[in-house]
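Chemist: sequence and predicted structure below; questions after.
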Amino acid sequence: AMADDDKAAAGEPEVEDGNDDVEAEAQVDFKPLIELPPEVATKTGEEDEDVIFKMRTKMFRFNEPTKEWKERGTGDVRFLRHKESKKVRVVMRAEKTLRVRANHPLSSTLDIKPHAGSDRAFTYFTPDWSEDPETGAVEQCNELFAFRFANAENAGKFKDAFEKCQKGNTDDMQPIKQDAEDAEKAAEKKEEKKE
């Protein structure tokens, strides 16, 4: 930049001069085609809750009209405990889309049963507030859900934690800090370390 300053100081006209008027006239105001809303901090609706249980699962819901089980996605089923009220709810998000596939209070009235004689799946009937897979609408629906786990041990942990929450004795269940996304990042880091 030094050289330019010298030229200006020496009284030599700068090349840009004289084009200013043309530039000024050419300032057309282009409006963006889509007005983007100001950036908003994404809220998950889980800010006031602690994750006290998390387990990878494949989730199904029973389709009443066709009398068959439909897969709702794979991801972490989580028990979220409200920091003040201590109420617990079940939330399951599909891992790829993060769409909510189960969202309901973990009520003491829920009747959790082994699913179709399997030792690694459990089922129960509940009012649920998650997105309708077809329409994306969120409204209360009575659903029969099934959660299938990798093995009987994981399924047992799910059932134990579920029943513990139902009884309201979750005081010794420590909040789990990392979330689904963190778990994925951790898995990626492991892969990097292997190389």
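Modeler: Structure received.

Chemist: how about the strands in this protein?
Modeler: Using DSSP state E, the strands found in the chain span residues 49-63, 68-82, 88-93, 100-105, 113-114, 121-128, 141-148.

Chemist: any regions of the chain where pLDDT drops low?
Modeler: 1-33, 35-37, 39-43, 178-195 (pLDDT under 70).

Chemist: closest to P38 out of the strands of the chain?
Modeler: Evaluated over the strands of the chain, closeness to P38 peaks at strand 100-105, with 25.2 Å, by Cβ to Cβ. Bear in mind the C-beta positions are built from the backbone N, C-alpha and C, glycine included.

Chemist: partner strands of that closest one, with direction?
Modeler: Taking DSSP bridges as the criterion, strand 100-105 forms sheet pairs with strand 88-93 (antiparallel).

Chemist: what's the most buried one of the strands of the chain?
Modeler: With neighbours defined by mean count of other Cβ atoms under 10 Å, none of the strands of the chain is more surrounded on average than strand 88-93, at a mean of 23.

Chemist: for Q140, give its distance to G45.
Modeler: For Q140, the distance to G45 equals 16 Å [Cβ to Cβ, to the nearest Å].

Chemist: can you list the strands of the chain in CSV and add distance to P38?
Modeler: Converted to CSV, the strands of the chain look like this (distance: least, Cβ to Cβ, whole Å):
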stretch, distance to P38
strand 49-63, 27
strand 68-82, 29
strand 88-93, 26
strand 100-105, 25
strand 113-114, 49
strand 121-128, 33
strand 141-148, 34
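
Chemist: out of those strands, which gets nearest to N154?
Modeler: Closest to N154 of these is strand 49-63 (Cβ to Cβ; 5.7 Å).

Chemist: show me what that closest one is packed up against.
Modeler: Applying 3 or more Cβ pairs under 8 Å, 6 or more residues apart in numbering; DSSP states H and E, one finds that strand 49-63 contacts strand 68-82, strand 88-93, strand 141-148, helix 152-167.

Chemist: which other helices and strands contact the first one?
Modeler: For strand 68-82, the helices and strands in contact under the criterion 3+ Cβ pairs under 8 Å, 6+ apart are strand 49-63, strand 88-93, strand 100-105, strand 141-148, helix 152-167, helix 180-194.

Chemist: what angle sits between that strand and strand 121-128?
Modeler: 70 degrees (axes from the mean of the first three to the mean of the last three Cα atoms, to 10 degrees).

Chemist: same deal with the last one?
Modeler: Here the directions of helix 152-167 and strand 121-128 differ by 30 degrees (the same axes, to 10 degrees).

Chemist: isn't T74 right up against M92?
Modeler: No: between T74 and M92 there is no contact under Cβ atoms under 8 Å: 9.5 Å.
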